[in-house]
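Undergrad: A predicted structure for the sequence below; I have some questions about it.
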Amino acid sequence: MITKVRNHPSQNEALLFERSSPGKKAYQLPALDVPPVDAAEALGAANVRAGIEGFPEVSEVEAIRHFTRLSTWNYAIDHGMYPLGSCTMKYNPRINELVARIDGLAWSHPYQPEALAQGSMEVMARVEAALAEITGMDAVTLQPAAGAHGELTGILLIRALLEKRGNPRKKILIPDSAHGTNPATAAIAGYMVQNIKSSDTGVLDVSALDQIVDRDVAALMVTNPNTLGVFEHNIIQAAEILHKKGAMLYMDGANMNALVGIARPGDFGVDVMHLNLHKTFSTPHGGGGPGAGPVAVKKAFEPFLPAPRLKRSARKWTWDYKRKHSIGRVKAFYGNFGVLVRALAYILAHGGEGLRNATVDAVLNAVYIRKQLEPYFDLPYSSPNMHEVVFSDHRQAALGVHTGDIAKRLIDYGFHPYTVSFPLIVHGALMIEPTETEGKLELDEFVGAMISIAKEAETEPQLVKNAPYGTRTSRVDEVAAARKPVLRWKP
Amino acid sequence: MLEVCGVASPEELFSHLPEAVRLARPLNLPPGISEYEIVDYFRARADENLAGFTSFLGAGVYRHFRPVLVDTVVSRGEFLTSYTPYQAEIAQGTLTTIFEFQTMICQLTGMDVANASMYDGSTAVPEAAMMAARVTGKGRALIARSAHPEYREVLRTYARYQGMPVEEFGYLSETGTIDLEDLERKMDSLTGAVIIQSPNFFGIVDQVKAAAEIAHRRGALLVVVFTEAVSLGILEPPAEADIVAGELQSFAISPSYGGPYAGIIATKEKFIRQMPGRLVGQTVDSRGNRAFCLTLATREQHIRREKATSNICTNQALIALMAAVFMTVYGKQGLRELAEQNLAKAHYLAAKFPPRFQGKFFNEFVARVEGRTPEELNRALLKHKIIGGLPLGRFYPELADSMLLCATEMSRRTDMDALVAQSATLPAAKEVLA
Amino acid sequence: MYPENFRYTKEHEWVLVEGDTGTVGITDHAQQELGDIVYVDLPKPGARLEQGKSLGSVESVKAVSDVYAPVSGEVLEINPALADAPETLNSDPHGAAWLVKLRLSAPAEVANLMSAADYQAYIGAEK
C-alpha cells in the first residue's frame, strides 16, 4: 500500500519565453549618478547589438511564480529519502547556506590583497587540515571544482611524479566496477585504460593484479568501498604490489561516507585521492552542482600540487606561487570557496566523534535495508556491505520487470529511485544508499515500498512496467529527444 | 535495527575490515559545536577579511548587485537538495530551468546550442580547445595573450598531456586588441583552435570578425571567451565564433573568493556531437505532454567512458539557476540598461584616469599609474578603505606600471571621485596633509 | 530471418558481396540488443576500412556500440537516409538500413565470415 504520498494538483506553467510580454520588467536599477554615455560612440556602432531577441520580459510576481511552480515539479532530499547509490544524498544543513552568504566571505574578491583575505584563507587552511586528518594524507589541494576534476588533478600529479622519476608510464588500471569518470579522466591525462575484472566476491583480484602490474602501469584507480559497497579488504596488498613495481594507488573517494572516522586511506596505502564535498560533506547537489573535489596526497606529491599553495609566514597566510614543480593550475583562482565554507560548517558541527557517528549510522542503515530486502531481491555478491547495497533484478526480470521499472514504480510510493543499472558488473543493478540521514521510520517506509513492488511484479507486472502514475509527467520519450534534438526554445 | 542486522553493537558492522586498516583512535578534530557557534566562527573569519571596502577590482570577477529573487529561488529545497535530473518524471523543475537557461545563453551569445554548464570560464577554455581538436582533427591551439592569464594557465595544464601544443599570440601596445599579424604568422596547418577573449582581459572589445576570418581561412575554429557576461547586454554577440566559452559570474553569482561560478560552452548546431557537458532536450511524455530530459548522453563519461568528450560529471547546476533567475529578472530591457550603466560608470572613471590603450572598452580599462608603482598606490588607497585596481606586473611584465580598473553599476560616483582624489595625491604631499 | 546470401561476423555485422562491392549493415539481433537506435556515426566516402576495425558506431539512448568492418575495403557510399531516420535500423536492418557500400580490397577475407546458419547457431549459443 502506498502510505507516504497522495496526489495533489500541481500548477501548469509555460516557459518564460511564452509568458513574456513586451515592456514587462522585474528589475530595479538606481538612477544613474554619472553622465550617460552614447553606446555607439563608446563602443563603436558596429559593436553595439540590437535588443536580445526572445529574451524574457516578465514582472517580478510572474518571475517568482514561474520558478516556484517549476520547483514543485522536483523531488528533493527535503521531501524524503533519496537512495541514489554512490551519490550520498544526505541532508544539506541550512546553516551551511547561511554562513556561505555572510557578506565578508561571499563578497571577498579573489584578487583582494592577502591582508584583506586572511579570513577566507584561514577557512581554506582549516578545511585542508581537517581533510588531511580525515584521510590520513599529508597535503590537500582545494582547487578542483568537482570529483572528476579532482581525478584529473590526481592523475596529473601521479604523472608528474613518475615523470620526475624518469618514466611517466603508459597505462592506468581501472576495475570493471568503476565510475565512468575514471576512464574518461585517465584518457584526458594521456593514459591508456586497461580494465581489470573484479573477483567472484566483487573485490580486487590481487593475484591477477600481481600478474598485470608491470613497468607500463602508472596507477590503479580504485573506489573504496567499491561501487558494490564492499570494502576492498585486500587494499594493503594491492598497494604493496603497485609500490613494488613503482606504480601508484589512486583512490576515488566517492564512497568516503563509509570510512570517515573508521579507516583512513592514507593508512592503507593510498598515494593520491579525491573527495566529493557535495557527497560526504553535505554540501547541496543543487540539481547537479556545484561540487568541490579536493585532492589529498602523500608527501612525495606535495611539490607537484596546483599553484598557488597556502603558506603561513610571519603569522599571516599568503599564496605561494613559486612552485616550480607544480602541475600548474586546474582552475582559475583557488577553488570553489563557497562550497568549502559549507563543508567546513558541516565538519565543525559534527566534530571528530560526530563524523564517525554519521559513518556508523550510514552503514547501519544500508545493512538494515539489505537484511530486510534480501528475501525479495537477488543479491549477486554476498560480501558484507558498508554504506550501500547492490541488488539485481534477476528474479523480477524473469517476470518481465526490470530495475528501471521498479525504480519508476518507487516514485509512486513517494521515493526517489535508487541508482539504476550501475555498477555495470551487476546485470540489472539496484544500487541503494540510504545515508545516515534516514531514521527508522523513513527506512521502514522505503523497505515496505520495495517489498510491495516485488509483490506487484509477481501479481501485476504490467502495473510496475508502466509506472509511474502519480507524477504530473509520465514516462518521457527519451528516444524522440535523442533522435531529433530540440535543445532550445524557438518561437 | 541492530537485531535485524544481526549484530550486537554498531561496531560489529565493521568487524569485516582488516585490523590493519582500522583507525584505532578518534579523529583529531575538535568536538562538534552548535549553530550559534558556527555562525560566530564564520562571522569572525569574515571580519578578518575586513569587508566594507570600496573595490575597483574586476579582472574576471565582477561586483554586480544580486537581485533578491535569486537567493529566494535557489534556496528552495526542491532546487537546492535535488540531484542531477536523471529521473525525468520527478525532475521537471530542474530540467525546465536548464532548458530555459540553454535558450537564454543561445540568445545572448548568438549560438545555436548551449550546454547546461561547465565548472567555470577557466575550465571551459580547455574543454573548448579539446572540442575544436575533435572537430578539426588538429590539436594545436593558439590563444591570445590578452585572454585571462589564469585561463591560459588552466589551458596549458590540460593541454600538456594530450598532444595539444599551445602557443600565445600578442596584443597591440597602442590599442590593446589582438595583434592580427602575429596571429597570422603563428597560424599553421596543425592549428585547430584560435582562442580570443572579448571584452579581453584589458576590458577591450576585441576583433572577433577579423580573428574568425584568419582562423577559418586556415581550417581552424574560433573560440571566443568572455568573462564579463553583462557586456553581452550591449555588445554584438560573437556570432562569427564556432565555440563560445564563457563565465557567468556576473549574473548574480557572488565573488565568493573565486568560486563556485558557472561556465558555459555554446556552439553551432553542426558541432553538437562534440560538445562536452550535459544537455537538456525537449520531448513528450507518454500522455503527450511536453516534457524535458537529459539527452545526447552518449557523449558523456558515464556511457562512453574513456572515449567521452570530457570527464565532467557534476557541473554547476544551482549556479546556472542563479544566472537564469538573474537573466529573467533583468530581462531584455534590464540587461541593456544594466550594461549601459556599467559603460557609463567606467567611462566616467576613465575620464579622470586616462586609459593606456585606445581600444573601445566596456566596464574595465588599463590605467598607467604616475609617480609610483600600482602596488604603492594601492597601499595608500587601503588607508582610505579603497581597494584599487589589479596591478598588472604580475601577469604582464611590460605593464608593471599599470593597473586594471573596473567600475560597475555598484560603483558610486562618490567612491570613484574618492579614488581619483586619493590617487592624485602623491605620498609625500599626503604625509604633509596628514 | 537471416538472408542466406549475407555473411556475418561475431560482432553482429553482415556483408552482402556482389562482385567487388560489399554492402555492410548490422544484424537484426544487434538492433534488438541495442534497442531504439537514435544516431548512426559513419565514415566518409573514400575512407579505407580494415577487417575487424571500427568503421563507426550506432547509438541508443544509453549505449554506444562500435560497428566493425566485416571486410577490408574503400568506402564508396554511405546510406544517406540514416542521418534523418536512424529508426530504420530497428525496422529494416537487413534492407533499407544498410550502413556503407565498399569496394573490397581483400575479397578472400569473406571466407572468415559465418553463413546465415552458422550465425543463427552462434547467437543461439550466445543467449
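TA: Everything's here; your move.
Undergrad: so what's A:V367 up against?
TA: A:P384, A:N385, A:V389, B:C5, B:V7, B:L13 (Cβ atoms under 8 Å, 6 or more residues apart in numbering or on different chains). Bear in mind the C-beta positions are built from the backbone N, C-alpha and C, glycine included.
Undergrad: what pairs with the residue nearest the centre of chain C across the strands?
TA: Most central in chain C under Cα atoms, centre = their mean is C:G25, positioned 2.5 Å from the mean C-alpha point. Beta-bridge pairing of C:G25 under DSSP bridges involves C:W14.
Undergrad: look up how far B:P67 lies from it.
TA: Going from C:G25 to B:P67 by Cβ to Cβ, to the nearest Å gives 56 Å.
Undergrad: so, in contact with chain B or not, stretch A:436-451?
TA: Yes: applying Cβ under 8 Å from any Cβ of the partner chain, one finds stretch A:436-451 in contact with chain B at A:K440.
Undergrad: hey, C-alpha coordinates of that stretch in PDB?
TA: What follows is stretch A:436-451, C-alpha atoms only, in PDB (Å, rounded to 0.1, in the frame of the first residue of the first chain):
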ATOM      1  CA  GLU A 436      22.900   8.400   7.800                       C
ATOM      2  CA  THR A 437      20.200  11.000   7.200                       C
ATOM      3  CA  GLU A 438      17.300   8.500   7.400                       C
ATOM      4  CA  GLY A 439      15.700   7.400  10.600                       C
ATOM      5  CA  LYS A 440      14.000   4.000  11.100                       C
ATOM      6  CA  LEU A 441      10.500   5.400  10.100                       C
ATOM      7  CA  GLU A 442      11.600   6.500   6.700                       C
ATOM      8  CA  LEU A 443      13.700   3.400   6.200                       C
ATOM      9  CA  ASP A 444      10.800   1.100   7.100                       C
ATOM     10  CA  GLU A 445       8.500   3.000   4.700                       C
ATOM     11  CA  PHE A 446      11.100   2.500   2.000                       C
ATOM     12  CA  VAL A 447      11.500  -1.200   2.700                       C
ATOM     13  CA  GLY A 448       7.800  -1.600   2.700                       C
ATOM     14  CA  ALA A 449       7.500   0.100  -0.700                       C
ATOM     15  CA  MET A 450      10.200  -2.100  -2.200                       C
ATOM     16  CA  ILE A 451       8.600  -5.300  -0.800                       C
END
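Undergrad: buried set for it?
TA: Applying a neighbour-count criterion of 16 or more other Cβ atoms under 10 Å in any protein chain shown, one finds A:E436, A:T437, A:E438, A:E442, A:L443, A:E445, A:F446, A:V447, A:G448, A:A449, A:M450 buried in stretch A:436-451.
Undergrad: re earlier: what's the farthest-apart pair in the contacts of A:V367?
TA: A:V389 and B:V7 (15.3 Å; Cβ to Cβ).
Undergrad: who's more crowded, these two?
TA: More neighbours surround A:V389 than the other of A:V389 and B:V7, with 29 against 16 (other Cβ atoms under 10 Å in any protein chain shown).
Undergrad: OK, contacts around that one?
TA: A:G229, A:A366, A:V367, A:I369, A:R370, A:L373, A:L379, A:M431, A:I432.
Undergrad: tell me the contacts of the closest residue to it other than its chain neighbours?
TA: What sits nearest to A:V389 in space, not counting adjacent residues and going by Cβ to Cβ, 6 or more residues apart in numbering or on different chains, is A:R370, at 4.2 Å. By Cβ under 8 Å, 6+ apart, the contact set of A:R370 is A:L379, A:N385, A:V389.
Undergrad: tell me the mean pLDDT over the strand or helix carrying A:R370?
TA: Element membership for A:R370 (DSSP states H and E) is helix A:337-373. For helix A:337-373, the mean pLDDT works out to 98.
Undergrad: next, the buried residues of it.
TA: In helix A:337-373, counting by 16+ other Cβ under 10 Å, buried: A:337-352, A:354-373.
Undergrad: model confidence for B:A428, exactly?
TA: 49.
Undergrad: cool, B:L80 as well?
TA: 98.
Undergrad: same list (the buried residues of stretch A:436-451) but as a markdown table, adding pLDDT.
TA: As requested, these are exported to a markdown table (pLDDT from 0 to 100):
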| residue | pLDDT |
| --- | --- |
| A:E436 | 98 |
| A:T437 | 98 |
| A:E438 | 98 |
| A:E442 | 97 |
| A:L443 | 98 |
| A:E445 | 98 |
| A:F446 | 98 |
| A:V447 | 98 |
| A:G448 | 98 |
| A:A449 | 98 |
| A:M450 | 98 |
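Undergrad: which ones among the residues you listed lie within strands?
TA: Among the buried residues of stretch A:436-451, no residue falls in strands (DSSP state E).
Undergrad: make sure B:L222 is indeed in a strand.
TA: Yes: the assignment for B:L222 by DSSP: H, G, I helix; E, B strand; the rest coil puts it in a strand.
Undergrad: my read: it touches B:V244, true?
TA: No: contact criterion Cβ atoms under 8 Å: B:L222 and B:V244 do not qualify, at 9.5 Å.
Undergrad: those two: which has the busier surroundings?
TA: Between B:L222 and B:V244, B:V244 has the larger neighbour count (other Cβ under 10 Å), namely 28 against 23.
Undergrad: what's near enough to touch the residue of the stretch 51-200 of chain B found nearest chain C?
TA: The minimum distance from the stretch 51-200 of chain B to chain C, using Cβ to the nearest Cβ, falls at B:Y86 (10.4 Å). By Cβ under 8 Å, 6+ apart, the contact set of B:Y86 is B:L294.
Undergrad: where does it land on pLDDT?
TA: 95.
Undergrad: could you do the one 3 residues further on as well?
TA: Per-residue pLDDT puts B:E89 at 97.
Undergrad: again with A:L424
TA: So A:L424 comes in at 89 (pLDDT).
Undergrad: could you do B:E370 as well?
TA: Taking B:E370 on its own, its pLDDT is 89.
Undergrad: doesn't B:Q282 belong to a strand?
TA: Yes: checked against three-state DSSP, B:Q282 lies within a strand.
Undergrad: hang on, the earlier thing: is it true that the residue nearest to the centre of chain C touches C:H12?
TA: No: taking Cβ under 8 Å as the definition, C:G25 is not a contact partner of C:H12, at 9.9 Å.
Undergrad: wait, C:A81 sits on C:T88?
TA: Yes: counting by Cβ under 8 Å, C:A81 touches C:T88, with 6.4 Å between them.
Undergrad: okay, and the common contacts of these two?
TA: C:A96, C:A97.
Undergrad: could you look up the SS state of the closest residue to chain B within the stretch 51-200 of chain A?
TA: Nearest residue of the stretch 51-200 of chain A to chain B, counting by Cβ to the nearest Cβ: A:G104, 2.7 Å away. A:G104 falls in the helix class when you classify it by three-state DSSP.
Undergrad: next one: it from chain C, what distance?
TA: 46 Å (Cβ to the nearest Cβ, to the nearest Å).
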